[in-house]
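> fold the following.
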Amino acid sequence: MKTVEAFIFSVLITTSVNLSASETKNTDISSIISAEEFSSYKNVGDFIEHAPKVSIIVKPSSQDIIKYGKGVVKSLTGSDCDRDGKMDDNAKCNAVYYKLWMKYER
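Here you go, the predicted structure:
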């Protein structure tokens, strides 16, 4: 079991280093999503649904530990609307959609 925990820890460290490196980039989303691609989305829900998905590791609840044991790993998957490698909440996705909508004068 220690080997599995060590493997998970090394994956998490590698992922956090990669995410830290991507944080220094400040890319304009309109350089990633073209007007043509943006016009293919029917609404903000469609935009969020078709955004790339990102998974993060979160702390398991006490019920998860009781049910699955001490080595349990819990993850959440969500949308990356601004394409920065981090999971975005609905407010962020709505803001990105609105920014693109304003730029492309939908």
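
> can you give me the strands in this protein?
In the chain, strands defined by DSSP state E lie at 53-58, 74-79, listed in chain order.

> what segments of the protein are helices?
2-23, 35-39, 44-49, 62-68, 90-104 (DSSP state H).

> what does stretch 33-48 rub up against?
Contact with stretch 33-48 is made by 50, 79, 81, 83, 90, 93-94, 96-97, 100-101, 104, 106, as judged by C-beta atoms under 8 Å, 6 or more residues apart in numbering. To be clear about C-beta, it is placed using only N, CA and C from the backbone, and glycine gets the same treatment.

> what's the farthest-apart pair in those?
N90 and Y104 (21.1 Å; C-beta to C-beta).

> my guess is V96 contacts S30. True?
No: between V96 and S30 there is no contact under C-beta atoms under 8 Å: 10.0 Å.

> ok, these two, which is more surrounded?
V96 (24 against 15; other C-beta atoms under 10 Å).

> who are the contact partners of that one?
V96 makes contact with 29, 47, 81-82, 88 under the criterion C-beta under 8 Å, 6+ apart.

> make TSV out of those residues and add neighbour count, distance to S39 and pLDDT.
Shown next, in TSV, are the contacts of V96 (neighbours: other C-beta atoms under 10 Å; distance: C-beta to C-beta, whole Å; pLDDT from 0 to 100):
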residue	neighbour count	distance to S39	pLDDT
I29	17	15	87
F47	22	11	97
C81	25	17	97
D82	20	18	95
D88	20	21	97
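
> just these now: which is nearest V58?
Among the contacts of V96, D88 lies closest to V58 (C-beta to C-beta), at 15.6 Å.

> residues contacting the closest one?
51, 78-82, 96.

> farthest pair in those residues?
Pairwise over those, using C-beta to C-beta, the maximum falls at G78 and V96, 13.5 Å.

> need the worst-confidence member of the contacts of stretch 33-48.
Here the lowest pLDDT out of the contacts of stretch 33-48 sits on R106, with 60.
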